[in-house]
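1. Sequence unavailable; structure follows:
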């Protein structure tokens with residue numbers, strides 16, 4: 001609960017900063033460094049394969065597909081989502097139409113207020129925490 005409260009307080013403080021301020025940039029850099037170091041610390045010994053085995057050889061795709069169907073579906077969903085976002089932005093930039101906004105213009109409208117910036121930072125923190133330390137299990 002204390003970690004969630006600290007994340008909410010940080011998000012609200014970050015939302016109050018101007019997006020081009022030095023404090024906003026440094027605070028986000030510190031959060032990125034903390035998340036990366038916590039991913040290493042909390043993930044030590046919990047990966048399905050060791051780092052050396054992962055680096056030495058390609059992922060055995062057939063075994064992965066057979067054993068981890070849900071993970072494969074998740075990866076495919078993320079690939080489709082990223083391709084859809086890239087396609088949307090490319091289409092928006094090619095046509096240069098105000099009727100078809102770019103993703104950055106939509107995000108710009110959301111982050112124009114303090115509450116929008118705070119919510120964006122909170123979602124970013126939650127996603128980073130979930131990706132870095134969430135859903136890890138012992139080998």
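-> Arrived safely. No experiment lies behind these values; they were computed from the predicted model shown.

2. Under the pLDDT cut-off, which ranges of the chain? List them.
-> Scanning the chain for pLDDT under 70 picks out 45-72, 132-139.

3. all helices for it, in order.
-> Applying DSSP state H to the chain gives helices spanning 2-16, 22-43, 51-56, 61-67, 69-95, 103-110, 114-133.

4. most tightly surrounded among these?
-> helix 114-133 (a mean of 16; mean count of other CB atoms under 10 Å). Yep, even glycine has a C-beta here, placed from its N, CA and C like the rest.

5. Quick check: the gap between residue 79 and residue 127.
-> Separation of residue 79 from residue 127 (CB to CB, to the nearest Å): 17 Å.

6. same deal with residue 34?
-> For residue 34, the distance to residue 127 - CB to CB - is 15 Å.

7. now residue 75
-> Applying CB to CB, the value for residue 75 to residue 127 is 16 Å.

8. Please look at residue 107 and residue 120 and confirm they touch.
-> Yes - contact criterion CB atoms under 8 Å: residue 107 and residue 120 qualify, at 7.5 Å.

9. any shared contact partners between the two?
-> Listed as contacting both residue 107 and residue 120 by CB atoms under 8 Å, 6 or more residues apart in numbering is no residue at all.
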